[in-house]
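Participant: below: sequence and its predicted model.
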Amino acid sequence: MSKAKKKDQRIVSILFIGIFCMVGYALCSSPSEEDTRTEEEKLVDNHFSPWDGSHIELTKLIKENLNDPDSYEHLETTYRIQGDTIWVFTNFRSRNGFGGMVREGVTAITDKQTGKVIEWMKQE
């Protein structure tokens, strides 16, 4: 192969690598889901555990009122924003006074700014 062809192949290879790098950079530097969330969503998300989605303050309150706080197992938490409050719905399992595991639910109204529980009740 002639020197000119080898030089042309190197130039094409360098251009290809350059284009590949630019495309990769453009994809990596585009706004992520985190960046596109509203300030309200970011504020509300701070009140929930990134590990299991439980409401941090409500979980503390629930555990304080259980027969066996160490038996608490979070199952699911959902919420609905309503004005300056958040309605939080939590389902969990815990050990009752007889030693059996039972499934329970709690509904709470929390402050949107601080995450503090305003009012809560067990679901019957």
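Facilitator: Ah, there it is. Numbering: from 1, shown residues only.

Participant: which strands and helices lie in contact with the helix or strand harbouring residue 118?
Facilitator: Per DSSP states H and E: residue 118 is located in strand 117-122. Helices and strands touching strand 117-122, by 3 or more CB pairs under 8 Å, 6 or more residues apart in numbering; DSSP states H and E, are helix 56-64, strand 101-111. The way it works is simple: take the backbone N, C-alpha and C, and place the C-beta from them, glycine included.

Participant: any low-confidence regions in the protein?
Facilitator: Applying pLDDT under 70 to the chain picks out residues 1-8, 12-13, 15-16, 18-35, 124.

Participant: domain-wise, how is it divided?
Facilitator: Each domain of the chain is listed here as a residue range: 3-30, 38-122, per automatic domain parsing.

Participant: could I get those domains in TSV, plus columns for mean neighbour count?
Facilitator: Listed next are these as TSV, based on neighbours: other CB atoms under 10 Å:
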stretch	mean neighbour count
domain 3-30	10
domain 38-122	14
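
Participant: assign a three-state SS to the most centrally placed residue in the chain, would you?
Facilitator: Central residue check for the chain by CA atoms, centre = their mean: the C-alpha nearest the mean position is that of residue 50, 4.4 Å away. Following DSSP: H, G, I helix; E, B strand; the rest coil, residue 50 is assigned to coil.
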